[in-house]
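> have a look at this prediction, sequence included:
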Amino acid sequence: MGDIARDDDTVELVHPPRFAMGERVASRSVIRNDGTYCGHDIGAVLVHKGDVGYVRSIGTFLQQFYIYAVEFTETGHQVGMRAKELCTLDHLPDEVIAQLGERAALLQTLR
């Protein structure tokens, strides 16, 4: 692998969680049931890219990663997700808000 560190080699727990309880987040990817979500078939889509949810709790996995329990209110699903699978909607940098233009105001109304 050389000098390139794999993302999964990073120990996230040496830093504070990236997201806070109650923070509004959006999914950066499609999340499918890996068999841990009861009542849905393995492989069933639980979360679509762009779905909006709220961080309900923060746990850890393998003493290495934060796992964010995110509640997606439109579907009622509560799914455990890694930080790399999420982006904040509450704490966007000023340059991102400027790029969003009028859409930034729309995000405020979604609260």
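Right, received. Where do you want to start? Numbering: from 1, shown residues only.
> run through the neighbouring helices and strands of the strand ranked longest in the chain.
In the chain, ranked by residue count with DSSP state E as the criterion, the top strand is strand 52-61. Strand 52-61 sits against strand 24-27, strand 65-72, strand 77-81, with contacts defined as 3 or more CB pairs under 8 Å, 6 or more residues apart in numbering; DSSP states H and E. Quick note: C-beta positions are derived from backbone N, CA and C, even for glycine.
> list of residues touching the first one?
Identification of contacts with strand 24-27 by CB atoms under 8 Å, 6 or more residues apart in numbering yields 19, 47-55, 68, 70, 72, 81, 85-90, 110-111.
> of those, buried ones?
Neighbour counting by 16 or more other CB atoms under 10 Å classes 19, 47, 51-55, 68, 70, 72, 81, 85-89 among the contacts of strand 24-27 as buried.
> and the residues you listed, which is closest to residue 10?
For residue 10, the nearest member of the buried ones among the contacts of strand 24-27 is residue 85. The distance, counting by CB to CB, is 14.4 Å.
> do you know the pLDDT at residue 54?
At residue 54, the pLDDT value in this model is 93.
> before we move on, what about residue 90?
Residue-level pLDDT assigned to residue 90 equals 78.
> thinking again about what came up before, mind listing the strands the longest strand of the chain pairs with, and their directions?
Within its sheet, strand 52-61 is paired with strand 24-27 (antiparallel), strand 65-72 (antiparallel), according to DSSP bridges.
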